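Trainee: Here is my input, please return the structure:
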Amino acid sequence: MEVGSEGEVKMEKVEGDMYWLRLETPNQRRSRIRSLYIVHVAMLVFSLGFSIVLTGLLPYMKRLTLLPEDHLLSLMGWMVAINPIGQMLLSPVFGWLANRLGSIRIICLVTCLLYIAGNILYACISLFPIDPEAEESVLGVYRYSAMFVARLIVGISSANQAPIRSYIAGATWKHERNMHISILSLFQALGFIIGPAIQSALTPIEGAEDYPGGELQFDMYTIAGWLSALVGLISLVLFLPGIFEEHYVVRLEAEHLKSDNQQDSDLGRPDLLAVISCVSSFFVFLFNLIMLETIGTAICMEQLGWNEKKSITNLGILMSAGAVISVFAFASVAPLTKIMNERKVLIFFGLFPMILGRIVMLPIPGFDPPVVKPHGEKTWNLFMQEYLDTSDESSGLGGCDVVDLEWCKDIPAITEVQFYLGYFISTVSFPYCTAISQAIFSKIIGPKPQGLWMGLLTSVGSLARICGPIFISFIYKDYGTYWTFGLCAASLGFSLVMTIVSYRTLIPIEDLKKSKRLAEAGKPSDGVDNKSFVKSTDDADSVYNARL
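Mentor: Okay, here's the model as predicted:
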C-alpha cells in the first residue's frame, strides 16, 4: 500500500506493534493500573506486619510474661520464626485457591481480616491473666501462647503474597511486567525497612513497666500492633468492590498472539531446568539478604569493636541509606531491561556484584584479630538481629568474646571499609537479582493462572527467612567469618552457574517453544532478545499515555 511519507510509514509500523491498544480501552487501563498499585500497597502492608514488631518483640514479651532471660530467649526464636512458617505453609494453598476461584479479591479480603485480627490480638495480650507467683513452667503461659497465635495469624495472612504475585503476572502485558514486579519488590523491601523505623519512632512513648491482667495498655509496643491493624483496615477497604477491579490482560495477549500465529496453541509445561534455576536463585538471594541483616549488629560489635549504642546508631543510618539506594536500583530495573537483555542484567548487575560483595567482606590475611571483649554472662540472639549481653561488667561493650567465639583469636577482623563496601554493593545489586528473577519466573510459566507457582516461590522465600538466622547461629558462632561469607559467596556462585546453564531457557515460554520449533526445522535460533520488542513498546507507551 502506498503511504505519503516516511513518518507515516514509521507510525503505521508502530501502530501495528501496539496490539494492546486494540485490546484495552483507556478506562480499562486506568482501572487496571489502579488495581496493580493497590496490590503493591498491600505487599508493603503485609511486609510491615512482620517487621514493625521485630525490634520490640523481646522487651514486650519480657514485660508481659515476667519470664527469666533463658526461658524468654528460647521462646523468642519461635516467636520470630512462626511468621514465615505460617506464610510458607499457606502460600501454595492460597495460590491454588486463586487459580480455582479465578480471582484474588476474596483471598485478599479474608487475609486482610486475619491480619487485622492478629495485630489486634498482639496489642491486647495484657487482657490475658497472669500470676506472678506461678512456677516458671507455667508463668505467663496464656500470654506467650496468645502472642504465638497472633504472630502465626499474621504470618498466615501474609501468604496472600502468592496470589498477589500471580495477579501481577496476569494483569500486566509482557512489556510492563518487569516494571511492576520491580515495584512490587520495592514495596516489599520498604515494608521490611519501614517497620523497625516506626517502632523506633515510638520509643519516646516508652513501654509500660507492667501489664496487669485484664487491663489494656497503650505504649510503644501495643501501639505498633494497633498501627498495623489500622493499615490492614486501609488495605481491606482498597480491596472492596468498586475500588479494586481485576483485569487479567495476559489472557487477551495470549489469545491475540495465537490468532496471529505468533504463539503455539498449546504451550505445554514450563521448562523444568528454568523453573529450578529461578526458584533456587530466589532462595539464595533472599537467604543472603536475611543473612546480612541478621549478622549486621554482630559484625559492628564483634568485628569493628563498636559499643552497642554506636552499632545500633550507625547500622540504622546505614540501613536507611541503603533503603534510599535500593529505591533507585529498583526504579532502574525496567529501563535497563528495555535496552539490555534481562538475563544479562541479572548476571552483570545482580549476580556478579552480589558475589563480589561477599568476597570483599572476607577477612584479609595479615590483619590483626578483633578487639577482645571482657567475658561476661551474655546471650547470642540472632533471631532478634541483636547482640544481647546481660552482665553488668561488659554490657554494651564492643569486641569479640574469645571464650564463646574461639576463632576470634586467630581470624583477622573485618575492617570498616570492607563492611561498608560489602553492604553498599549488596544493597545496589540485590534489587536486580530479586526483581528480575521473579519477572523471568513469571514469563517461563507463561500465560496461564500462576497462583500455585507463585505460592511455591513465596514459600521458598519464607524458607529463606527461616534458614538465614539458623545458618548464622551455627556457622558464624562455630566457624567464624571465613566460613560465613565464603559459603554465602559459594551459594551465589551456584546461582550464577545455574543461571548460565539454563540461560537459553530463561525466556518467555512462547519464545522458548518458538526457538525449539525453529531448531527442529533446521533454522538457527539463539532465543529471543528483547531489544527490538521493547523499542516498539517504548513508542507504544508514549502514544498510549498521550491518548489517556
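Trainee: Buried residues in the one helix or strand Tyr122 maps to, which are they?
Mentor: Using DSSP states H and E, Tyr122 maps to helix 105-123. Neighbour-count burial for helix 105-123 flags 105, 107-112, 114-123 (criterion: 16 or more other Cβ atoms under 10 Å). Where C-beta positions appear, they are placed from N, C-alpha and C, glycine not excepted.
Trainee: now do stretch 221-241
Mentor: 221-225, 227-229, 231-233, 235-236, 238-239.
Trainee: ok, now stretch 316-332?
Mentor: Within stretch 316-332, judged by 16+ other Cβ under 10 Å, the buried ones are 318-319, 322-323, 326, 329-330, 332.
Trainee: Residues in contact with stretch 415-426: which ones?
Mentor: With contact meaning Cβ atoms under 8 Å, 6 or more residues apart in numbering, stretch 415-426 is reached by 288-289, 292, 296, 299-300, 303-304, 318, 322, 325, 353-354, 356-358, 360-361, 364, 367.
Trainee: show me where the stretch 101-250 of the chain has helices.
Mentor: For the stretch 101-250 of the chain, applying DSSP state H, counting those that start in this stretch gives helices covering 105-123, 141-157, 161-170, 177-201, 220-238, 249-259.
Trainee: Which elements pack onto the second one?
Mentor: If I follow you right, that is helix 141-157. helix 26-51, helix 57-65, helix 69-101, helix 105-123 (3 or more Cβ pairs under 8 Å, 6 or more residues apart in numbering; DSSP states H and E).
Trainee: okay if I get the ones you listed as JSON lines plus mean pLDDT and distance to Gly191?
Mentor: Shown next, in JSON lines, are the helices and strands packed on helix 141-157 (pLDDT from 0 to 100; distance: least, Cβ to Cβ, whole Å):
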{"stretch": "helix 26-51", "mean pLDDT": "90", "distance to Gly191": "3"}
{"stretch": "helix 57-65", "mean pLDDT": "83", "distance to Gly191": "17"}
{"stretch": "helix 69-101", "mean pLDDT": "84", "distance to Gly191": "13"}
{"stretch": "helix 105-123", "mean pLDDT": "95", "distance to Gly191": "12"}
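Trainee: Which among those helices is found nearest to Ala274?
Mentor: helix 69-101 (18.9 Å; Cβ to Cβ).
Trainee: and that closest one with helix 161-170, angle?
Mentor: 40 degrees (axes from the mean of the first three to the mean of the last three Cα atoms, to 10 degrees).
Trainee: tell me which residues of helix 69-101 are tucked away?
Mentor: In helix 69-101, the ones that count as buried by 16+ other Cβ under 10 Å are 72-73, 75-77, 79-88, 90-99.
Trainee: roughly how far out does that helix sit from the chain middle?
Mentor: Relative to the centre of its chain, helix 69-101 is centred 15 Å away, using Cα atoms, centre = their mean, to the nearest Å.
Trainee: same question, stretch 448-457
Mentor: The answer for stretch 448-457 is 16 Å, by Cα atoms, centre = their mean.
Trainee: Check stretch 186-201 too.
Mentor: The answer for stretch 186-201 is 12 Å, by Cα atoms, centre = their mean.
Trainee: What are the contacting residues of that stretch?
Mentor: 40-41, 43-56, 161, 220, 224, 227, 316, 319-320, 323, 326-327, 330-331, 431, 435.
Trainee: please redo it, this time with the cut-off set to 6 Å
Mentor: Residues external to stretch 186-201 that are found in contact with it (Cβ atoms under 6 Å, 6 or more residues apart in numbering): 40, 43-44, 47-48, 51-52, 55-56, 224, 323, 326, 330.
Trainee: For Leu487, state which of those is nearest.
Mentor: For these, the nearest to Leu487 is Ser326 (24.2 Å; Cβ to Cβ).
Trainee: report the angle between the axes of the one helix or strand that closest one maps to and helix 177-201?
Mentor: Element membership for Ser326 (DSSP H and E) is helix 308-339. If you take the same axes, to 10 degrees, helix 308-339 sits at 170 degrees to helix 177-201.
Trainee: packing partners for helix 308-339?
Mentor: helix 177-201, helix 416-445 (3 or more Cβ pairs under 6 Å, 6 or more residues apart in numbering; DSSP states H and E).
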